[in-house]
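Chemist: This is the structure alone, sequence omitted:
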């Protein structure tokens with residue numbers, strides 16, 4: 001079995017209130033030096049068998065058509081997940 005990871009992030013021009021709240025809280029808990037935070041979504045798709053190029057293409061299509069809202073989000077990665085990650 002293989003796993004494919006899909007990362008989705010808000011488009012740069014879209015406000016990210018959750019990311020802003022996290023960025024504001026970091027100094028309060030003693031973690032300084034971060035200029036900003038953007039919060040996104042991560043999906044892991046489990047594949048029966050090998051993650052072939054055809055399977056990756058289907059995962060990209062799922063990412064574009066179902067896992068993201070193309071009006072406000074970008075699909076930033078669709079890749080086979082290494083066992084170490």
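Modeler: Thanks, I have it. Because the structure is predicted, anything quoted here is derived from the model rather than measured.
Chemist: Test my guess that residue 60 contacts residue 77.
Modeler: No. Taking Cβ atoms under 8 Å as the definition, residue 60 is not a contact partner of residue 77, at 10.2 Å. Where C-beta positions appear, they are placed from N, C-alpha and C, glycine not excepted.
Chemist: what helix or strand does residue 74 sit in?
Modeler: strand 73-80 (DSSP states H and E).
Chemist: Tell me the strands beside that strand, with direction?
Modeler: With DSSP bridges as the criterion, the sheet partners recorded for strand 73-80 are strand 2-10 (antiparallel).
Chemist: Could you give me the buried positions within the strand it pairs with?
Modeler: Buried positions in strand 2-10, judged by neighbour count with 16 or more other Cβ atoms under 10 Å: 2, 4, 5, 6, 7, 8, 9, 10.
Chemist: Let's have the residues you listed in a markdown table, adding distance to residue 71 and pLDDT.
Modeler: Shown next, in a markdown table, are the buried residues of strand 2-10 (distance: Cβ to Cβ, whole Å; pLDDT from 0 to 100):
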| residue | distance to residue 71 | pLDDT |
| --- | --- | --- |
| 2 | 31 | 95 |
| 4 | 24 | 97 |
| 5 | 23 | 98 |
| 6 | 18 | 98 |
| 7 | 18 | 98 |
| 8 | 12 | 98 |
| 9 | 14 | 98 |
| 10 | 11 | 97 |
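Chemist: So what touches the longest helix seen in the chain?
Modeler: Using DSSP state H to define each element, the chain has its longest helix at helix 17-28. Contacts made with helix 17-28 from outside it, assessed by Cβ atoms under 8 Å, 6 or more residues apart in numbering, are listed as 10, 32, 34, 36, 37, 38, 39.
Chemist: Which two of the residues you listed have the greatest separation?
Modeler: With Cβ to Cβ as the measure, no two of these lie farther apart than 10 and 32, at 24.2 Å.
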